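In: This is a predicted model, with the sequence first.
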Amino acid sequence: MEEIRQQLDEYIAKSKKNSRLSQNDCNDVIKLLIKESSSTEDFNGWCNETVHVLNELHYEVTEAFFNNKFLMALDDEHRAKLITTFFRSEKIVQNASNFGAKRLELAAAALEKRKLFDLALKLRDAAEMYSKNKTSKAPAKERSNVADKTQSNENLISIPEQDASTLETQEPDTQKPNQTETDTPEQFKPKQKLSRKEIISKAIGTLQSEFSKTIKENLQLSVDVERLSAVVKSKEMEAERQEQRITDLIEQSNHHHNQLQAKDREISDCHKKISDLDERLKKAYQTDSMNINNEIVALKTGLNKDLKMEYDAFISLRSKSCSEECYEALSYLIDDIFGILKRKGIFTVNERD
């Protein structure tokens, strides 16, 4: 709580130095005031503190505060209490012709935007009364006396909450004995009470004005509703088209996904077949290798057996001297050897006659 007030005092000092605050500072001040309201149970004290801060800062802060949605979050009683505290504040009353009237007008305009016409009317009536009753020619000493008299008797400047349209001011309970009629400033003279007929006429005029304004607003709202309905219908149709497009894309995606799954299965089957063929090929290769080895061994064994006699004959002929008989014997021996090789499939060249 003290930390919030310290920060608010810093913004007030900054405003006095720079005349006005930045938009961010203005928003920070409003956030601090709202935060302070939620951290205290003394609503009256908070109202006084809030009004004090608003009056010490640039009028833009006042306008932004009354335009804030926080005002709508208050109930009727607390909202009325805040507004009453605002337009009865000492600084508003004492500077009614310029400072106070401008702030009251800004606050009233903000309340009208929020459809709070009763509170806005109260502020506008107060601004009008303060403006009319302000005596700008009064000497400085008399204005000082007026301020003292305002502090001692608040009822002289208060507007009754029960009927703000009458704007009656109450006469003071006591009056200084030496004070004459001319000594009393104009704003403290009792205002003549309006007749019942005038009150009703003014109320009817206000209601008619508000009724006309409401009709215009309703017509504008009807046009806006029709326009927005067309926009919404167009958006809905566009959304339906997009949804249909999304549905089609999902179906296409599912179809492609199924195709990919089928291809994956085919690839998996091919891998299995390749693995099976590799395994069978390895087994066949091993079998063929074994058969080839066996055949080679058998071939070697058969050749050794079949060529043994020819080899022995060759050994016996090798040691003899060359002769016609030896030549013929070697010729027959060679024919036998090639005949054996042909039978074994080793020598396959056709004989030339």
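Out: Received it, and whenever you're ready, just let me know what you need.
In: residues near Tyr59, how many?
Out: Using other C-beta atoms under 10 Å, Tyr59 is surrounded by 16 other residues. To be clear about C-beta, it is placed using only N, CA and C from the backbone, and glycine gets the same treatment.
In: For the stretch 251-353 of the chain, just list every one of the helices.
Out: Applying DSSP state H, counting those that start in this stretch to the stretch 251-353 of the chain gives helices spanning 308-318, 324-344.
In: is it possible to export the ones you listed to CSV including mean pLDDT?
Out: Formatted as CSV, the helices of the stretch 251-353 of the chain follow (pLDDT from 0 to 100):
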stretch, mean pLDDT
helix 308-318, 79
helix 324-344, 82
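In: and of those, who's closest to Ala108?
Out: helix 324-344 (127.8 Å; C-beta to C-beta).
In: Specify the angle between that closest one and helix 308-318 in degrees.
Out: Helix 324-344 runs at 160 degrees relative to helix 308-318, counting by axes from the mean of the first three to the mean of the last three C-alpha atoms, to 10 degrees.
In: which other helices and strands contact helix 324-344?
Out: When contacts are defined as 3 or more C-beta pairs under 8 Å, 6 or more residues apart in numbering; DSSP states H and E, helix 324-344 sits against helix 196-306, helix 308-318.
In: Averaging pLDDT over each of these, report the lowest-scoring one.
Out: Mean pLDDT is lowest for helix 308-318 among those, at a mean of 79.
In: contacts for that helix?
Out: 326, 329-330, 333, 336-337, 340 (C-beta atoms under 8 Å, 6 or more residues apart in numbering).
In: go on, stretch 232-240?
Out: Residues contacting stretch 232-240 (C-beta under 8 Å, 6+ apart): none.
In: so how far is that stretch off the chain centroid?
Out: Stretch 232-240 has its C-alpha centroid displaced from the chain centroid by 23 Å (C-alpha atoms, centre = their mean, to the nearest Å).
In: Need the nearest residue in space to Leu303, chain neighbours excluded.
Out: Lys344 (6.6 Å; C-beta to C-beta, 6 or more residues apart in numbering).
In: what's the neighbour count on the one you found?
Out: Lys344 has 14 nearby residues by other C-beta under 10 Å.
In: correct me, but it touches Thr301?
Out: No. The criterion here is C-beta atoms under 8 Å, and Lys344 misses it with Thr301 at 11.2 Å.
In: Look up how far Leu303 lies from Thr247.
Out: Distance, Thr247 to Leu303, using C-beta to C-beta, to the nearest Å: 82 Å.
In: out of the two, which sits in the busier spot?
Out: Remark: of Thr247 and Leu303, Leu303 carries more neighbours, 14 against 10, as counted by other C-beta under 10 Å.
In: Can you tell me how far that one is from Tyr327?
Out: Per C-beta to C-beta, Leu303 is found 25 Å from Tyr327.
In: With Thr214 instead?
Out: Taken as C-beta to C-beta, the span from Thr214 to Tyr327 is 146 Å.
In: swap in Gln220?
Out: For Gln220, the distance to Tyr327 - C-beta to C-beta - is 137 Å.
In: before we move on, back to that, neighbour count winner among Thr214 and Tyr327?
Out: Each of Thr214 and Tyr327 has its neighbours counted (other C-beta under 10 Å); Thr214 has more, 14 against 11.
In: List the neighbours of stretch 70-81 that are in contact with it.
Out: By C-beta under 8 Å, 6+ apart, the residues outside stretch 70-81 that reach it are 30, 34, 37, 43-44, 47, 65, 82, 111, 114, 116, 119, 161.
In: What residues sit buried inside that stretch?
Out: Within stretch 70-81, the residues scored as buried using 16 or more other C-beta atoms under 10 Å are 71, 78-81.
In: Now do the phi/psi pair for Asn95.
Out: phi -120, psi 50 (degrees, to the nearest 10).
In: again, but for Arg88
Out: Torsion angles, degrees, to the nearest 10, at Arg88: phi -100, psi 0.
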